[in-house]
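Just need the structure, nothing else, for what follows:
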Amino acid sequence: MNAPASPTLEARRAQMFPVLAADEIARLHRFGRPRRFADGAHVLETGRVSPGIYVVLTGAIRVTGRDGHGQELPVTEHGPGNFSGELSQLSRRPSFVDGVAVGETDTLEIDAEQLHALMIAEATLGEKMMRAMILRRVALIESGAGGPVLIGAAASPDVARLRSFLSRNGIPHQLLDPATDSDAQAFIARYAPEPEQLPLAICPDGEVLRNPTESELARCIGMLDAGTEDTVYDAVIAGAGPAGLAAAVYAGSEGLSVLVIDERAFGGQAGASARIENYLGFPTGISGQALAGRAYTQAQKFGARMLIPMEVRRLDCRIDEPMRLELGDGRAVRSRTVVIATGARYRRPECSNLAAMEGRGVWYWASPIEARMCAGQEVVLVGGGNSAGQAAVFLSSHVSKVWMLVRGPGLAASMSKYLIERIAATPNIELLTRTELVGLTGARAAGIESVTWRTRDTAKTETRPIRHVFLFLGAEPSTEWLKDCDVAVDDRGFVKTAQNLTLPLQTSVPGVFAIGDVRADSVKRVGGAIGEGAAVVAQIHGYLARSPESIRRRIPS
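Model prediction:
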């Protein structure tokens, strides 16, 4: 880009915009077709899906983005040997930038399907191109160019909700705050005369949404394409946490057709972890978002389709046809096998006014967005597991104090030793054991005003003027959508497996598998989830290889 958003990206400019050698371009010809553009013709258009990427043979493609005010921003100019595109083209999503031919321009058009084939068949060249596309997306995220524009107060809970959704899904976006931007004030006067209509979201195609849901925002930026209605997938994976993403990577790399569905964002609970330091191969640690983001891109490299955010409402596993998953928007998808990787969600404590304050100061994750909202303030964090410990350490560098509440006598039973030691060494984290959250005061419009907790041994309560509460309390399995399919669960609702020793990750229903945190007796660790995601693919192959008669037979309970 002409003005990269960070020194790191400036240093990697050559990787972001590599010039392909003549022999490399020659190898690409078997994956593409010649395409000529007249001077001034649109090659890419913001908000529209392009057929794929374009390798410039002669001429040039001038690429521009758009800022929050609709003004054109120069990005780069692709000359001979350069190629257009970033991750949007890999995943068949609308473009975040505009591209116009400069002079008569001859290109090699490589569509998304052939791009996936290229990545696998030409490993070294594919690696060079993939790295460039990833770095270009990072630059777009840092600049915000091309994505939706949010208009509202930076401290607004609904702004935080939408920004968190976009950030966790790797979508570039910009925020215009009416407190400092006159254009934002004019937009609000025209489109949102009532406060409850804020924030506004301006889609890349110009559509204006008033205080949209995450699904409404996702639809306007082209995130919810599941393919054609008559597609029958080899595997539909419900859940895009570490287990589901690992299954998608391995299944896609082995030639299976894969669809991944998640109701919020890729990464699951792990995706909200500020730093994971005990995952194999990352001695300095890695954020859950970075780890999940790499897996998400890797799965798409191997052809996996992503449908996020989308709720799976019901599994129909009738045995006389491919299984059918009913979705939150009324659509349905069909598959020969289903992988349950929906994980577990944090429990809600018995606490007055909690439901009204969710998204208004009550948070179930701790990202940089929430950290900025409570910078310099005191916060309460409830929970004693690894995710809670990672969040406490992360928040401690932004806030004045973290009050960490745990119901038990300490952290040793549920938290890794390195996190316990780090919490003990952090002066602005105060651990309160055998203590529970009991009350919140505040109004929905203004958010939390005070927090009350109680010591379990003495019943003594304490109330403090704190406006932000972070909850990381245990886990409840996300399995309601399975109730019509007779999938066996244990007394806590986790999915039971290993009823067939040949396919140990298969459930009580043939062709339905369970992996990760949602599975009974799983280790509830990122490494274990990823291992199960890899292992389940071999079992899917084993299931698909069996005769129709045998795969229709129910496993006795």
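
ok, and the closest non-adjacent residue to Gly222?
Pro94 (4.0 Å; CB to CB, 6 or more residues apart in numbering). Where C-beta positions appear, they are placed from N, C-alpha and C, glycine not excepted.

show me what contacts that neighbour?
Thr46, Gly47, Arg48, Val49, Ser88, Pro204, Ile221, Gly222 (CB atoms under 8 Å, 6 or more residues apart in numbering).

Check those against Glu77 and report the nearest one.
Minimum distance to Glu77 across the contacts of Pro94 is 17.1 Å, recorded for Thr46 (CB to CB).

Need the pLDDT of the closest one.
For Thr46, the pLDDT comes out at 90.

which non-adjacent residue is nearest it?
Using CB to CB, 6+ apart, the closest residue to Thr46 is Pro204 (4.9 Å).

Go ahead and confirm the one you found touches Gly147.
Yes. Pro204 lies in contact with Gly147 (CB atoms under 8 Å); the separation is 6.9 Å.

Quickly list what's touching both of these two.
In contact with both Pro204 and Gly147: Phe96, Ile221, using CB under 8 Å, 6+ apart.

How many residues are close by the spatially closest residue to Ala520 that is not a sequence neighbour?
Leaving aside its sequence neighbours, Ala520 sits nearest to Phe494 (CB to CB, 6+ apart; 3.9 Å). Neighbours of Phe494 under the rule other CB atoms under 10 Å: 20.

Tell me how far Phe494 lies from Asp23.
54 Å (CB to CB, to the nearest Å).

What of Ala371?
For Ala371 relative to Asp23 (CB to CB), the value is 48 Å.

Between those two, which is the more surrounded one?
Ala371 (18 against 8).

which residue ranges form the strands in the stretch 51-200 of the chain?
Using DSSP state E, counting those that start in this stretch, the strands of the stretch 51-200 of the chain run over 52-66, 72-78, 98-111, 149-151, 174-176, 200-202.

closest one to Ile286 among those strands?
strand 174-176 (26.8 Å).

And the nearest residue to Asp329 once chain neighbours are set aside, how close does it get to Leu325?
Excluding the flanking residues, the one nearest Asp329 by CB to CB, 6+ apart is Met310, at 7.0 Å. Distance from Met310 to Leu325, counting by CB to CB: 10 Å.

now do Ala22
From Ala22 to Leu325 the distance is 48 Å (CB to CB).

tell me the secondary structure for the residue most central in space within the chain?
The structure's the chain has its C-alpha centroid closest to Phe266; by CA atoms, centre = their mean the separation is 2.7 Å. Assigned by DSSP: H, G, I helix; E, B strand; the rest coil, the conformation of Phe266 is coil.

so it sits right up against Ser167, yeah?
No. With contact defined as CB under 8 Å, Phe266 does not count as touching Ser167 (11.7 Å).

quick revisit: ok, the contacts of Pro94 vs Ala292, which is closest?
Nearest member of the contacts of Pro94 to Ala292, counting by CB to CB, is Ser88, at 18.4 Å.

what's the offset of the helix or strand encompassing Ala235 from the middle of its chain?
Under the criterion of DSSP states H and E, Ala235 resides in strand 232-238. In terms of CA atoms, centre = their mean, to the nearest Å, the gap separating the centre of strand 232-238 from the centre of its chain is 19 Å.

which helices and strands sit right next to that strand?
helix 242-253, strand 258-261, strand 323-327, strand 332-340, helix 526-545 (3 or more CB pairs under 8 Å, 6 or more residues apart in numbering; DSSP states H and E).

contacts for the first one?
Applying CB under 8 Å, 6+ apart, the contact partners of helix 242-253 are 120, 234-235, 237-238, 240, 258, 260, 262, 266-268, 270, 291-292, 295-296, 298-299, 301-304, 339, 341, 343, 515-517, 526, 529-534, 536-537, 540.

So for Met310 and Leu325, which residues contact both of them?
Both Met310 and Leu325 are in contact with Ile261, where contact means CB under 8 Å, 6+ apart.

just to revisit the earlier point, tell me which of the helices and strands packed on strand 232-238 sits most buried.
Burial of the helices and strands packed on strand 232-238 is given as mean neighbour count (mean count of other CB atoms under 10 Å); helix 242-253 ranks first at a mean of 29.

Could you check the angle that helix makes with strand 332-340?
110 degrees (axes from the mean of the first three to the mean of the last three CA atoms, to 10 degrees).

what's the angle between helix 242-253 and strand 232-238?
Using the same axes, to 10 degrees: helix 242-253 against strand 232-238 is 160 degrees.

orientation of helix 242-253 relative to helix 526-545 in degrees?
On the basis of the same axes, to 10 degrees, helix 242-253 is oriented at 40 degrees to helix 526-545.

What average pLDDT does helix 242-253 get?
On average, helix 242-253 scores 97.

what residues are up against the nearest residue to Pro178 once chain neighbours are set aside?
The spatial neighbour of Pro178 that comes closest, neighbours along the chain excluded (CB to CB, 6+ apart), is Ala184 at 4.3 Å. Each residue near Ala184 by CB under 8 Å, 6+ apart is listed here: Ile151, Leu176, Asp177, Pro178.
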